[in-house]
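[1] What shape does this take:
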Amino acid sequence: MAKIEKSEQEWQELLGDNAYSICRKKGTERAFTGEYWDCKKKGEYLCRACGQRLFDSETKFDSGSGWPSYYQPIEHSAIKSITDGSLGMVRTEVVCGACESHLGHVFPDGPQPTGLRYCINSASITLDEKN
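    Predicted coordinates:
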């Protein structure tokens, strides 16, 4: 997968303040406030920064966390995992495989068949609806 690179100014102009602070500065939105945490529409969730296909709505589930949660990405190469030691704990950060924008974190407490919970910021994704 070809890496997408832009200057910080280009990312800022493309994303706007809120999405930029989450996607490029590894921020997070408050639980139960994002656009997609309770969305039931069908489609594919894309990286807001570059349009990379990330998650299918068929893998979305209600985790009770207040963030959109999925049990697997569309393709494993769509996501990169990085050890995150911030906030005094060790977690696994997930970033877009194409542009390395911060998406959220993955936890080992999701449903089968994977047992994973990809906990994603709504500001990091956009929904391409299926009719």
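[2] element containing the residue most central in space within the chain?
    In the chain, the residue lying closest to the centroid (CA atoms, centre = their mean) is Leu103, at 3.1 Å. According to DSSP states H and E, Leu103 maps onto strand 102-107.
[3] just checking, what packs against the next helix-or-strand element following that strand?
    Later in the chain than strand 102-107, the nearest helix or strand by DSSP H and E is strand 117-120. Here strand 117-120 is seen to pack against strand 53-56, strand 69-70, strand 102-107 when contacts are counted using 3 or more CB pairs under 8 Å, 6 or more residues apart in numbering; DSSP states H and E. For every residue, glycine as well, the C-beta is placed using N, CA and C.
[4] separation between the residue nearest to the centre of the chain and Lys3?
    16 Å (CB to CB, to the nearest Å).
[5] Next: Tyr118.
    Tyr118 is 21 Å from Lys3, by CB to CB.
[6] okay, the two: which has more neighbours?
    Legend: neighbour count by other CB atoms under 10 Å for Tyr118 and Lys3, higher for Tyr118 (26 against 9).
[7] May I ask which helix or strand of the protein has the lowest mean pLDDT?
    Least confident helix or strand, the chain: strand 79-84 with a mean of 92, by mean pLDDT, DSSP states H and E.
[8] And the helices in the protein?
    Taking DSSP state H as the criterion, the chain contains helices spanning 8-23.
[9] how about low-confidence regions in it?
    The model of the chain has pLDDT under 70 over residues 1, 131.
[10] 50 - rerun?
    Applying pLDDT under 50 to the chain flags no residue at all.
[11] beta partners for the closest residue to Lys41 other than its chain neighbours?
    Of all residues not flanking Lys41 in the chain, Glu129 sits nearest, at 5.6 Å (CB to CB, 6 or more residues apart in numbering). Going by DSSP bridges, Glu129 is paired in beta bridges with Gly43.
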